[in-house]
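A.B. asks: This is the structure alone, sequence omitted:
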């Protein structure tokens, strides 16, 4: 198991991609989809769906491995790439960054090398540093 302090040792990026995208959005009057900050309140039907989900109890974070129904649906859809029992062998990630980081920590050992292309998303080299993988 990796040392918890080492996992937190990577320095933050000086000007990460979110800061750059925010500045460009402001400069060109564009909507910033990179930062996750709402520019306006959004469509009313989205809020109606959120209210309904909250009222029916669907208002908690999903389990880390993803909802069972979603994993079953992924298993059913992945006929070309059978995963066996999707409840045991399929994991749902929140995004590509989380999935890549899980891959680095699971399949690579400290000191292993990967080929990374630059320019790259800011977090990729930092994730490698945290995982002690050579970028």
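C.D. replies: Perfect, I can see it now. Worth saying up front: this structure is predicted, and the values here are computed from it rather than measured.
A.B. asks: What's the first helix or strand after the helix or strand bottoming out on mean pLDDT in the chain?
C.D. replies: Least confident helix or strand, the chain: helix 4-7 with a mean of 46, by mean pLDDT, DSSP states H and E. Per DSSP states H and E, the first helix or strand lying C-terminal to helix 4-7 is helix 17-28.
A.B. asks: What residues of stretch 123-135 count as buried?
C.D. replies: 123, 124, 125, 126, 127, 128, 130, 131, 132, 133 (16 or more other C-beta atoms under 10 Å). (Each C-beta comes from the backbone N, C-alpha and C, glycine too.)
A.B. asks: Of those, which belong to helices?
C.D. replies: Judged by DSSP state H, helices contain the following of the buried residues of stretch 123-135: 123, 124, 125, 126, 127, 128, 130.
A.B. asks: Most widely separated two among these?
C.D. replies: Greatest spatial distance among those (C-beta to C-beta): 124 and 130, at 11.0 Å.
A.B. asks: How many residues are close by the nearest residue to residue 124 once chain neighbours are set aside?
C.D. replies: In this structure, residue 124 finds its nearest non-sequential neighbour in residue 116, 6.1 Å apart by C-beta to C-beta, 6 or more residues apart in numbering. Residue 116 is flanked by 13 other residues according to other C-beta atoms under 10 Å.
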